[in-house]
Structures are given as structure tokens and as C-alpha cells.
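In: turn this into a model:
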Amino acid sequence: MTHPLPIQFHETDLDALGSFTGRIALIAAPDEMAARSPAARRLNSLTKGALNRFLASDTWEKVKPGDAVDLGWPAGLAVEALQVVKAALRADVATARKAGAAIGKTVGKTGVLVLAGAMTRAADLSFGLAMRAYDFEPHKTSAPTARGPVTLMVKNPEGAAQAAKPMAAVAEGVFFTRDLVNEPANILTTDDFAARLAAMQELGLEVEILEEADLEALGMHALLGVGLGSETPSKVVVMQWSGGGTEKPFALVGKGVVFDTGGISIKPAGGMEDMTMDMGGAGVVAGVMRTLALRRAKANVVGLVGLVENMPDGRAQRPGDVVRSMKGDTIEVINTDAEGRLVLADVMWYTQQRFKPTGMINLATLTGAIIVALGHENTGVFSNDDGLCDAFLSACKAEGEGAWRMPMGDAYDAKLKSRIADMMNVGGRDGGAITAAQFLKRFVKDGMPWCHLDIAGTALVKSDTTLAPKGATGWGVMALDRLIRDKFEG
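Out: Okay, here's the model as predicted:
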């Protein structure tokens, strides 16, 4: 898997600046005279005043906090480039991470020396740097992009390193999610996905794989129906992290459709290649569980993912078929491309039956309708519990991950009424993301705090974001880890 760049923290060594040959990144505070910084004074001297001339220019005035400007090869320095990053010494979390990301996307084989001085959020700076340096290259025949050493020179290196340690675990969880979502479906089969999760037992997670015979015995016919047309077997993977004593766990449930053709209700050819990301919900659950294990979280959390492939063949589920869920409710399958909710219904019910969790959050790249409603900036959040929902939205805000609460209600629920079964799996085009949430709500037990996160617009994007290159974002790992820390470890 892809691992975050290792970052070293050291005290500032001004004598090293004159002979360093990689890239130098200077954090320049916009609210102070940069020339007062010892590192800035030294660099200004080495560049024969070029740094101060730049900092006094109109160009610097127009740079936004967290952004960077590359000065190229200034005279007097042997460096590849001198990068000047605008960020206050007491920058907020978002700006510190953005500043780190500005550095991270330029890290090359010569490495980078970051002069952060007395910056109080050096750990967040390093987190942003590591997150943005991600690249997915296992299927390119050319040599992997070389990344040189990264060193942060700070006033308090021990304190910064200590603060950065749990963030490094989060970055590794995000990278794990990104790798899973970026993988093509001929590589990330249900078998391969399950094997990658089973390998996390070496981190201390308890991992159990339920095969098709197990799912049949449990009555998970809603989930099993989705995979009937595929040559790869359907599975449910159960991951448990028990770091919080004897209390009941909190539950995360993810949709893991490793490829979605739409089944018999086949999708248009244009854009179908992106359906390798339809296991994004399961990818986020896996990334969170990896993070919890790596940072030895003092909480009890279970993560369950339903792994299937939705393909058309002679055995595939048809529109008009009726399946019986593990709960016992019958579902008329109107559209085989509305398959994720069928997978989640059985896994959510099993989760509640077996673990009796204190609360449950499910994640899924569930509907195109949520993209129409919210674009690619926000995940749609649906909930039956204001307390859990507000706590999650607060975690999203703290971590800078966009999320927006969507409405629910009986009027939407009525659209799922079936003539021949207990419900249909779709309720029409209007309000499609909401009726999908209403469908899932039928598989949430009374009194169970629950959130449904529709990440169809945020799991994979076509352009760079602040902390990620285009492609898989790993959205949700940071916010869910923060929720668990705040709710169960505070």
C-alpha cells in the first residue's frame, strides 16, 4: 500500500541553509515583519536581499494564507528552489494544513527542508504536507516518483513530533482508503479486498470473513441477490477494535460494491469506468479501522463491510424480482442499479443483531441524486438522531470535510410502497437521495442512533482538492476518527 512520507522534526540549524541543495520552504507570517525571523534573515542575507524585496512586493500581498510562491533558484543559494509559504505563526488548523499541502505537492527526489520556526501548528503543517504528497502509481510501468527526505525545522521539535504522531495514523488510514478506491476492479476483487482487510489482524484488529454459505444461513438474501451475476463471491467482513473496556461498541457499516455495471438495469457506457469507486463506503470504514488500530484508540468500534460485484449474466437479479432481507421484510427490486441499499440493509441489520451497538453510521456511494443536490463539496448526511448528527457535523467542521444534513420524512417514505412486496428499492427520480435514506431507515431498530452518509460526490473527484490530488479523496476518515475521539475517548 501507499504510505505517507516520513517527516523528521529538528531544531532550526541556520548553518545548514547555505549548503542545502534540495528545496527550502519558508513559513512567512503575513502579520509580522518576516525579516524578524532568524531563518528569514539568514535566507535574505544568502539571497542578497531578494527575499525581503519579494516580501515587500505586490505579488506577496496578493498571496492567500496557506498558499505558496516559488522563487526558483535565487542567487546565493544552492537550492533547487526557495518556496515562500504565507501562514501566521499561530495559524488555524485549516490554514496550517493548507500551507503544508502547498509544500507537499512539490516534494521531489531532492527532498525539502521546511523552516517553520515558532509556528504553533507545525504538526498540522506536517499532516497537510503528508496528505498532499500522495500519489497512486502501482500500475505504471515507469519508476515510481522519487520522494526525498522531508525535514521540519521548528522551535520545539519534540512537542511537534508528539502532536504529529496520531495525525500520522490518520494519514495512513486515509491513504489506505485512497488506495482501495483508486484500485481497478480486476485487481480489487471481493477476494482481494477481503484479504487486504484480513491482513490488518497484524495491527491488532480482529477480522472475520463471512462467506456466501454463512450469508445464506443468516438469511442475507438482499445482499446475495446483488452478486448473483458475478463470478466473484459476495462476502461480509467484520472488523473489531476493542480498546475501550467492556462497553458496547460503536458501529460503522460500508457499502463495498467493487464494480457496479448497474446489473440488468445497466448503466450508460460513458463514465462507467468510475464505478470502481462504488466500494468507497467500505473503503472509508476500512481506513478508519486501520487508523484506530495504529493509534491504539481507547474505544470499542466495529466496522462491517458488504463486498459484492453487480454484474449482468444469466443468473443476475432482474427488475421485478422479490427478495427477502435478513430482517424478514420483502423487497421488490424495481431497479438493479439501486443495489447498494440492498447490501447495506442486510449488513446493518446483522450489525445491530450481533453487536447491539451504541450507535451506527453507514457510508455509501449511494446515489447520483446527492451529487445533483450538493455537488462534490459536501457529503449528504441523513439521521434519526440530532445528538449523533450534530456531533458528526462538528467533527466534519473541525477536520475541514464538507457535510450537509438533508431532510427525511414520512412523505418520502410513502414513495417506496410496493404492490406485491413490503417495499420497493427505489421511489422515483425526485428526492432520490432522500428516498434511499428512507429505505435504509427501515433497517434501523427503534432507539438506535443512526446516520447515513451518501458520499457519492466526495469519495472520488475529477480535480485536485486542498489535501489530495484528483482521484480518491479518503473523505470521511478524518471526520469519523475525530468523532470517535471526541465521543468515546474524551
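
In: name the helices or strands packed onto the helix or strand containing Ala395?
Out: Assigned by DSSP states H and E, Ala395 falls within helix 386-399. Packed against helix 386-399, as judged by 3 or more CB pairs under 8 Å, 6 or more residues apart in numbering; DSSP states H and E, are the following elements: strand 379-383, strand 403-405, strand 450-454, helix 477-488. C-beta: built from backbone N, CA, C; applies to glycine.

In: let's have the ones you listed in TSV, adding mean pLDDT, distance to Asp390 and mean neighbour count.
Out: Below are the helices and strands packed on helix 386-399 laid out as TSV (pLDDT from 0 to 100; distance: least, CB to CB, whole Å; neighbours: other CB atoms under 10 Å):
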stretch	mean pLDDT	distance to Asp390	mean neighbour count
strand 379-383	98	9	23
strand 403-405	98	9	18
strand 450-454	98	10	28
helix 477-488	97	11	23
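
In: looking at those, spot the one closest to Trp241.
Out: helix 477-488 (9.5 Å; CB to CB).

In: next, the angle from that closest one to helix 386-399.
Out: 130 degrees (axes from the mean of the first three to the mean of the last three CA atoms, to 10 degrees).

In: starting at the chain centroid, how far to the longest helix seen in the chain?
Out: In the chain, with assignment by DSSP state H, the single longest helix is helix 157-182. Put simply, helix 157-182 sits 12 Å off its chain's centre (CA atoms, centre = their mean, to the nearest Å).

In: stretch 361-372 too?
Out: 14 Å.

In: just the terminal-to-terminal distance for it.
Out: When the termini of stretch 361-372 are compared using CA to CA, to the nearest Å, they are 23 Å apart.

In: for it, buried residues please.
Out: 361-367, 369-371 (16 or more other CB atoms under 10 Å).

In: now stretch 81-97
Out: Quick answer for stretch 81-97 (16+ other CB under 10 Å): 81-89, 91, 94-97.

In: repeat that for stretch 209-220.
Out: Buried residues in stretch 209-220 (16+ other CB under 10 Å): 209-210, 215, 218-220.

In: following the longest helix of the chain, which helix or strand shows up next?
Out: Next element after helix 157-182 (DSSP H and E): helix 190-198.

In: list of residues touching that following helix?
Out: The contact list for helix 190-198 (CB atoms under 8 Å, 6 or more residues apart in numbering) reads 1, 180, 207, 209, 227, 232-235, 237, 239, 256, 258, 279, 282, 286, 305, 307-309.

In: now find how far off-centre it is within its chain.
Out: Going by CA atoms, centre = their mean, where helix 190-198 is centred and where its chain is centred differ by 19 Å.

In: okay, the angle between it and helix 157-182?
Out: Going by the same axes, to 10 degrees, helix 190-198 makes 160 degrees with helix 157-182.

In: can you tell me the average pLDDT over helix 190-198?
Out: For helix 190-198, the mean per-residue pLDDT is 98.

In: that helix: what's the following helix or strand?
Out: strand 206-210.

In: hey, C-alpha coordinates of stretch 479-488 in PDB?
Out: Output of stretch 479-488 as PDB, limited to C-alpha atoms (Å, rounded to 0.1, in the frame of the first residue of the first chain):
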ATOM      1  CA  ALA A 479     -14.100  13.200  10.500                       C
ATOM      2  CA  LEU A 480     -15.000   9.700  11.800                       C
ATOM      3  CA  ASP A 481     -11.800   9.400  13.600                       C
ATOM      4  CA  ARG A 482     -12.400  12.800  15.200                       C
ATOM      5  CA  LEU A 483     -16.000  11.700  16.100                       C
ATOM      6  CA  ILE A 484     -14.700   8.600  17.900                       C
ATOM      7  CA  ARG A 485     -12.000  10.600  19.700                       C
ATOM      8  CA  ASP A 486     -14.500  13.300  20.900                       C
ATOM      9  CA  LYS A 487     -17.400  10.900  21.700                       C
ATOM     10  CA  PHE A 488     -15.700   7.900  23.200                       C
END
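
In: what's the burial count for the closest residue to Trp450 other than its chain neighbours?
Out: Leaving aside its chain neighbours, Trp450 sits nearest to Val444 (4.6 Å; criterion: CB to CB, 6 or more residues apart in numbering). Other residues near Val444 come to 20 when the count uses other CB atoms under 10 Å.

In: nothing else from me, thank you.
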